[in-house]
Every structure is written in structure tokens, then in C-alpha cells.
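Enquirer: sequence first, then the predicted structure, then my questions.
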Amino acid sequence: MTAPLVRKAKRSGSGSFFLPLVACLLSLSACFPVPTLSPPPSPSRPISPSPSSSPLSASLPTSTPTPAATRTSVPTPTSTPAPTLDPSVAAAIVAKGRARLAEEGVEPLCLRWEDTDGDGEAEWVGLYLRPGEPSQLAAFVLDGETWHDLRPLKKEPGKKDYGLGEYPTCELDVRDTNADGRVEILIWGHAEASIGLLHIFAWDDGAYVLLAPFEGDAGVRLENADGDLAEEVSVRYKAGDGLVWEAVHTWDGANYGWTWERYDWLYLDRPHAYRTDTPERAVISFYLALDDHDLPGAYGLLSASTQAAQSYGAWAVGFVTTVAVEVGAVHELARSDEDTAVVAAQVRAYDNVDGRVIATLWDVDWTVVQTPDGWRLESADTAQLDQWESSYYR
């Protein structure tokens, strides 16, 4: 981002307001008269060419004939055929796996034939529903004759323990999700009405270990926002009024750690209702409107005096490069009276600068005032904390 999301501008009255930077380029052009040229006088009599030569043939060189294009044959590349599996071998593998599952009394919901331990040979990975009150989703790896249970962590006493999930789902994946050079087993589960679960397992030192469990009452999702091929885990929690609060966890080479938080819409339907019943809600709504590219909606969340300081058209030009906006860590710092509050937030702004996506992290303190229509944003103090180029943006 080449400039802060907001900047300070003078206005009548006390206080200050930060407005978008506007880069205006003016171009000048000039017109010059073209002189009129008189045609040269005609010769009094035609000039006869010399009988020995022609002016045209003397002044122009003899053209070289264009060489004929020759066709060079290029051999058609041959594709390497995919290896074929002997049907009898495949049938034997399946029969052996079924017999072992029958010994364990397991009716699998789904099975994958994948190399999960990096030894070059595939194992059976599967999910099934373990009976009980309530029933729980269970997972296993069958490596030859060796059975490995993939077990979640037990919850602390007094907390609901959903295990891998309560329902018979088949959301199973095997891939290197965190770019650490080994494959992970990813198991999604669900509980109650909207709780989402994700458990990530990996082979380590002779056993399958749980790398991390995630649980959110509004779901769990994976994303690769920075292009490093390591997916981040976004855990979503209901924040009320159609909002979710997301905690983003990033792999650091040994563990998943909390690296960012942000607010988002719980549902993708439009139009969204911008809540302004609290100072924090007004600030969150402002940045969500910017992220939705709803500039009229964001402008409408500014106070009347702030709007009077700059027209909508002049204000909106400052966001022509904005690709996306994220806001998190929103909390009220102080309230000087019943009608004025200070709200702190951290904002990530992504801007398209000459074809490159530049991310900027801002620390923002908004002064918010109460009006008959709800809380409105009056002025802000900003500090740039970090800036980097995002090599990939989702």
C-alpha cells in the first residue's frame, strides 16, 4: 500500500480526520499551426530519360528473392503410459483389507489407499462411526497387519468432548498441507448444529501423532493467503449479528501458532446489515464495507461533520487501488462521555500497486461519536506497523 488507508485533513471545528490519499495527475497539451507549403513549379518541358539507362532502374537496387521456407519435421512426443495394476493384485489387496476390517468389527464410511508414512508403500486410511451415546467418528490407518488408531485429545473435565466428530461424515484428505516435506492426514468432523472440527495427524518417529486439533462453533477452513504453499488454518467463532471472529493459525515448522485475527461475515448473502449499535460494531462495519467494495456504505458510517469535510467522490478516489481489507483486535479503549468513545483496531490493507499486491498493517485508534442513527466514525490516529509484498493473494 503506497499510502495509509486514511490520512489527516483539516476541517472546521476541533479534532482531525484521516482521509484517503488522492493521487491526481494532470496532463497538458498544445496545438501548433501547420505551415502551408507551396507546390514546386512545374518544369517548362519534360526531361527525356537517357536511352542507355532508366532513372528508376539506376536509383533502386535489384531485390534479392525471398528464400523458400523449408519444413523441418518434429517428432511427435510420446506420452509415458500410466502403470497398470494387475487386477488380481488389486483384488487381493482389497480382500485382505476387508478381512482385517472384519476382524476389528469396523464398517468403514470411506477408505483411502495412500502412502501416509513415507515408506513408498500405500496404507489403508479410513473413517468409521464408533457406536455409543452419542456416537463418535473414529479414524484408523491399516499398514499391512498393523492397526493404528488416530485418536483425538481428551477434553478437560467439564468441557464437551466431540472427539473427531459426532456425525457419519467422510471428509478425509492426505497431503502435505503445511509444506514440511511429509504428508499429513486431515480429518474434518461436525458436531451439534454448526461446530466444525479439524484434526491433523502425521507419521513421526514410528507412530502417528496429532499435530493439532481445531474446533470452532462457526466452522474451520484452510487457506493459503501468502503463497508459501503452507496452508493456514482459520478457526471461525460466532460473534453475533451475522458476524464471525476468525483466529488464523500458521505452521512455524514445529507447531501451529496463532498469527492473526479478523472479523468476517457469517453468511455470504447480500446485502449485509452494517450494525452500529456499539462503537466497536461501527468500526467493524466500516472495514467490512470497504472489504465488500461497498464504498457508499462505508462513507455512510462516517459522521456528518466528517462527510462535510470531504465529498464522497473525493474520498472514494483514495480506494481505487484497494484489493481487500481485514480488521481485527477491535476493542474500546476509553469513553469520555456517553456520546464519544475511542476504539482501537488493527487493519491489514491489500493494495494493487503497479500489478503487485502490497500488504500494510496499521494500528488505528478511531474516535467514534453517537448520533440518532447509531455510532459514526469521526477521526482516527494511525501508525504503520509493517508492510510487505504478498507474492500470492487468494
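Expert: On my side now, so go ahead.

Enquirer: any idea of the mean pLDDT for the helix or strand that contains residue 246?
Expert: If you go by DSSP states H and E, residue 246 is part of strand 243-251. Across strand 243-251, the average pLDDT comes to 97.

Enquirer: with only the CA atoms kept, save that strand in PDB.
Expert: In PDB, the C-alpha atoms belonging to strand 243-251 read as follows (Å, rounded to 0.1, in the frame of the first residue of the first chain):
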ATOM      1  CA  LEU A 243     -20.500 -11.800  12.100                       C
ATOM      2  CA  VAL A 244     -17.800 -14.300  12.800                       C
ATOM      3  CA  TRP A 245     -14.400 -13.800  14.500                       C
ATOM      4  CA  GLU A 246     -11.600 -15.800  12.900                       C
ATOM      5  CA  ALA A 247      -8.400 -16.900  14.500                       C
ATOM      6  CA  VAL A 248      -5.700 -17.700  11.900                       C
ATOM      7  CA  HIS A 249      -3.100 -20.300  12.800                       C
ATOM      8  CA  THR A 250       0.200 -20.700  10.900                       C
ATOM      9  CA  TRP A 251       2.700 -23.600  10.800                       C
END
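
Enquirer: partners of that strand, with directions?
Expert: As defined by DSSP bridges, the strand partners of strand 243-251 come to strand 232-240 (antiparallel), strand 256-265 (antiparallel).

Enquirer: same list (those) but as CSV, adding mean neighbour count.
Expert: (C-beta placed from N, C-alpha, C; glycine too.) Putting the strands paired with strand 243-251 into CSV (neighbours: other Cβ atoms under 10 Å) gives the following:
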stretch, mean neighbour count
strand 232-240, 18
strand 256-265, 17
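
Enquirer: in CSV, list the ones you listed along with distance to residue 97.
Expert: What follows is the strands paired with strand 243-251, written out as CSV (distance: least, Cβ to Cβ, whole Å):
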stretch, distance to residue 97
strand 232-240, 31
strand 256-265, 32
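
Enquirer: next, format these as a markdown table and append mean pLDDT.
Expert: Shown next, in a markdown table, are the strands paired with strand 243-251 (pLDDT from 0 to 100):
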| stretch | mean pLDDT |
| --- | --- |
| strand 232-240 | 97 |
| strand 256-265 | 96 |
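
Enquirer: buried stuff in stretch 243-251?
Expert: Buried residues in stretch 243-251, defined by neighbour count with 16 or more other Cβ atoms under 10 Å: 243-251.

Enquirer: and for stretch 82-99?
Expert: In terms of neighbour count (16+ other Cβ under 10 Å), stretch 82-99 has its buried residues at residue 97.

Enquirer: one more: stretch 213-230?
Expert: Neighbour counts over stretch 213-230 (16+ other Cβ under 10 Å) mark 213-216, 218-222, 225-226, 230 as buried.

Enquirer: min pLDDT across these, which one?
Expert: Across the buried residues of stretch 213-230, the bottom pLDDT score, 75, is held by residue 226.

Enquirer: that one belongs to a strand?
Expert: No. Counting by DSSP: H, G, I helix; E, B strand; the rest coil, residue 226 is not part of a strand but coil.

Enquirer: so it is in contact with residue 392, correct?
Expert: Yes. In this structure, residue 226 is within contact of residue 392 by Cβ atoms under 8 Å, at 6.5 Å.

Enquirer: where in the stretch 1-150 of the chain is pLDDT low?
Expert: 1-70 (pLDDT under 70).

Enquirer: in it, which spans are strands?
Expert: Taking DSSP state E, counting those that start in this stretch as the criterion, the stretch 1-150 of the chain carries its strands at 8-9, 17-18, 110-114, 123-130, 136-143, 146-150.

Enquirer: okay then, goodbye and thanks.
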